[in-house]
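In: Sequence and computational prediction follow.
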Amino acid sequence: MSAPTTLSLLFLKDIRMTYRHIPTAIILGLLIIGFTPLLWISLYFANVAANNVGQVLMVDNGNAVLKLRDTPFGYHLTGTEVVEVEAAELPVHRDKIIPADCPSELLESSMEEDRGRFPPYFEMEITSKRPEIEVSKLVKKWPNGELALKGVSLKAFRGQVTALLGPNGAGKSTIFGCLAGFIKPSAGIIRISGEPPGAASGITNIGYCPQWNPLFSYLTVSEHLNFYGSIKTGDNVVKDDVEEVLRLTDLTADRHRKVHNLTAGQKRKLSVGIALIGNCRVLLLDEPTAGMDLAGRKIMIDIIERVKTNKAVLLTTHYMDDADYLSDKIMIMAKGEMVCNGSVDFLRARFGTGIMMTIEFSQSSDEDDSNPGRFYRMAAEVLNAVLVHCDGARMDGPVGPRFNLILPHGSQRTFPDMFADLESRKEELCIEGFELRVNKLEQVFLKVTDVVDALKEDVVSIEEQVKQFIETLRYAHPRPSTMHGGHIGTPQGAKPHRYSAEARDDRLGGRASAAVNNELEAVREALRREKRRPSWKLAVTMAVIGLCIGFAAGAMFDNAFNECVDRSPGIKRAAIVGTDGSVWARSNGANEFRVTDYHHSIHFI
Ligand SMILES: Nc1ncnc2c1ncn2[C@@H]1O[C@H](COP(=O)(O)OP(=O)(O)OP(=O)(O)O)[C@@H](O)[C@H]1O
């Protein structure tokens, strides 16, 4: 580490002891600002060095992942090498987290009903099997106040694929993050194979493929599998396991290729392979087929089909066809709530999908086609004719010259008789023609969005409310004439009247106008309050204090890291590099390096 950085960090070490005294913190903060240019320069060089050696260490999923080499020059000669990897323990979530900032009414309401606000859309779960994944009343409130999860409950079983679907921002990845243990829920209970996430067995129990690819550009395919496998199992990966995952993911031929030479689809397959290695009981796949072509998706579907026999697979996808084909159970989320949960058949039945028959009526010359009553009468007759053969058939959507009937799944064997009957009564029932379509999960999903619309909250900012209020006033009370001193202004040319309280009340629409004026004043005050910003003095003070605390925390982190590296034999350089490539800490230290020594610090990244 270059001299200026060390100097600044030493200096910051002192601040750590004194920053509680605010004036001292401010003075020291100002001094630090003086040192900052030097710090940035040294960080720049540290960055260049770290980037030269490639990504040396990555923090993901609460695991510390280490990859070290001797020197940047050595890298080009020897290639990448993984040196001593150890699984980091995840912080264990408490069984029940009752946060101070979780809205109590939300907590109470979620306690009452596990099936959310939409019980009719939840299939009853009758099983004595123990769920492999169990989530109860999970709440996540982000620091910005957004409630990403509003008391979500779900169960996933071994031997089943459970698809978690929902529009963008529904909260799917947040659930995955909570399950994998790197997002801390605000409230709720999570059990993975009967244990809370982060328990000692947690890492070996979960195989997680995040939405992004957790890959190192300069490691080969098989190095990745060995590397992550060692982390998960805490031991060297059995060669056969790597071979098996390579075969499953169709990457055997690419085993020696470095990641930066792989296609997007191959990277995705490798990310799923990383989740598979270690033979975990729970597989969390966050959009495993994202960005893949049809052939790639097919391979992925085959993989999931094959591995699900001894795993509980929870996956998210935006491809309804994949979910439809793969899933034993479908859950649909919206706006942080579970909207429905059941088997594909249950959802199809519940949301009016099944087999859709569209019937077209023939044009009639003697009756008015615009008369809706006529179509309803005819549709009812057709429905009766269909019901003779197909129990459970029902109308769906509007009735007009065309209308739809939903025929339940499993009624297909009655179709030949029904078609023959309708054909023979074509004239009598005024049928021009009919067609059949099998409804897909996509239609279920679209129907669910109708339910979701009911969730729409009218969250309008104060400013917007004020604007709307002013608009209402403008329409309710035409703008009064302008006032001049003690006179009320009148249309041009007219003589101004002497101002009086009564006249003003008249002009403004009676006594109500005084109330309106009061309201307007309240509105203006609300606007003023909204626009009021903290003074620049306060902002500067806060910034300086923040800087001090930030630097002090950084120093603690760096020191912890450096201590580890300094104790590591044979290791000349190390760095912690975030998944986005940002360097969090680096050291030129030596001696024994144990990832677990500092995983707590890393976990906070
Ligand atoms: N780190 C974060 N800080 C604050 N808000 C976040 C953070 N991560 C996600 N969110 C918010 O939480 C909500 C749920 O996000 P999440 O990523 O879980 O949605 P998703 O269903 O996975 O969406 P997608 O299908 O696009 O992946 C979103 O409104 C998102 O903006």
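Out: Right, received. Where do you want to start? Numbers count the residues shown, from 1 in each chain.
In: per-residue confidence for Thr316?
Out: pLDDT, Thr316: 93.
In: How about Val344?
Out: 77.
In: what about Glu381, how many neighbours?
Out: Counted with other CB atoms under 10 Å, the neighbours of Glu381 add up to 15. For every residue, glycine as well, the C-beta is placed using N, CA and C.
In: gap between it and Phe403?
Out: 12 Å (CB to CB, to the nearest Å).
In: residues from this structure in reach of the ligand?
Out: 142, 144, 146, 148, 166, 168-174, 211 (CB under 6 Å from any ligand atom).
In: Give the buried subset of these as a PyMOL selection command.
Out: In PyMOL, this line selects whichever of these come out buried by 16 or more other CB atoms under 10 Å:
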select buried, resi 148+166+170+171+172+173+174
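In: Now go through the residues of the chain next to the ligand and say which are in strands.
Out: Among these, the members falling in strands (DSSP state E) are Ala148.
In: residue contacts, Lys311?
Out: Counting by CB atoms under 8 Å, 6 or more residues apart in numbering, Lys311 touches Glu132, Arg158, Gly159, Gly207, Cys280, Arg281, Val282, Leu283.
In: Neighbours of the first one, how many?
Out: The burial count assigned to Glu132 is 24, neighbours taken as other CB under 10 Å.
In: Disregarding flanking residues, what is the spatial nearest neighbour of it?
Out: Ala312 (3.5 Å; CB to CB, 6 or more residues apart in numbering).
In: what's the distance between that neighbour and Gly392?
Out: Taking CB to CB as the measure, Ala312 falls 33 Å from Gly392.
In: neighbour count winner among the two?
Out: Counted by other CB under 10 Å, Ala312 and Gly392 do not tie: Ala312 has more neighbours, with 24 against 13.
In: Would you confirm that that one contacts Leu284?
Out: No - taking CB atoms under 8 Å as the definition, Ala312 is not a contact partner of Leu284, at 9.3 Å.
In: and Arg306, what element?
Out: Here Arg306 sits within helix 294-307, counting by DSSP states H and E.
In: got the angle for the helix or strand hosting Ile274 vs helix 294-307?
Out: Element membership for Ile274 (DSSP H and E) is helix 264-276. Using axes from the mean of the first three to the mean of the last three CA atoms, to 10 degrees, the inter-axis angle of helix 264-276 relative to helix 294-307 is 10 degrees.
In: and Lys308, how far is that from Arg281?
Out: Distance, Lys308 to Arg281, using CB to CB: 11 Å.
In: Quick one: neighbours of the closest residue to Gly194 other than its chain neighbours, just the number.
Out: Setting aside the residues directly before and after it, Gly194 is nearest to Arg130 in space (CB to CB, 6+ apart), at 6.9 Å. For Arg130, the neighbour count with other CB under 10 Å is 12.
In: Would you agree Arg130 falls within a helix?
Out: No - read with DSSP: H, G, I helix; E, B strand; the rest coil, Arg130 is coil and lies in no helix.
In: which phi and psi does it have?
Out: When read as degrees, to the nearest 10, the backbone of Arg130 gives phi -80, psi 130.
In: hmm, who's touching stretch 297-308?
Out: Contacts with stretch 297-308, where a contact means CB under 8 Å, 6+ apart, come from 159-161, 248-250, 268-269, 272, 276, 283, 285, 288-289, 292, 313, 315, 319, 322, 325-326.
In: Any buried residues in it, and which?
Out: For stretch 297-308, by 16+ other CB under 10 Å, it's Arg297, Ile299, Met300, Ile301, Ile303, Ile304, Val307, Lys308.
In: shaky segments in this protein?
Out: For the chain, the stretches with pLDDT under 70 are 1-121, 124-128, 197-204, 233-237, 348-354, 364-372, 409, 438-538, 553-605.
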